[in-house]
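*Asks:* Got a sequence here, can you model it:
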Amino acid sequence: MKNIRYMTRGVCSRMIEIELEDDIIQSVRFEGGCAGNTQGVAALVRGMRAQDAIERLSGIRCGFKPTSCPDQLATALKQALEQA
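*Replies:* So this is what the prediction gives:
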């Protein structure tokens with residue numbers, strides 16, 4: 001099991017904790033941010049292949065910001081897969 005702590009940039013959430021097992025997302029927890037949205041994203045990606053989540057979440061923007069909490073999750077997952 002791989003545990004990742006990613007410090008977010010440019011969004012309301014401050015950090016994302018991810019548990020990966022064989023590149024399958026076991027759990028995601030956002031610290032801060034819009035609770036309903038971050039809990040929803042975390043529930044939707046549970047059990048998903050990391051690469052599939054990256055493809056679906058990359059590039060999502062929050063209002064006028066160039067990123068979003070889902071986009072930051074994709075970035076965190078990319079880094080985790082690159083370090084594998």
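*Asks:* Only C-alpha atoms from now on, for both contacts and neighbour counts.
*Replies:* Noted.
*Asks:* The helix ranked longest in the chain - contacts with which helices or strands?
*Replies:* The residue-count maximum for a helix in the chain (DSSP state H) belongs to helix 69-83. Here helix 69-83 touches strand 2-7, strand 13-21, helix 35-45, helix 50-57, going by 3 or more CA pairs under 8 Å, 6 or more residues apart in numbering; DSSP states H and E.
*Asks:* Give the buried residues for stretch 40-47.
*Replies:* 41-42, 45-46 (16 or more other CA atoms under 10 Å).
*Asks:* Show the pLDDT at the spatially most central residue of the chain.
*Replies:* The residue lying closest to the centre of the chain (CA atoms, centre = their mean) is residue 73, at 1.9 Å. pLDDT for residue 73: 98.
*Asks:* Need the contact partners of stretch 74-84.
*Replies:* Here stretch 74-84 makes contact (CA atoms under 8 Å, 6 or more residues apart in numbering) with 4, 6, 16, 23, 50-51, 53-55, 57-58.
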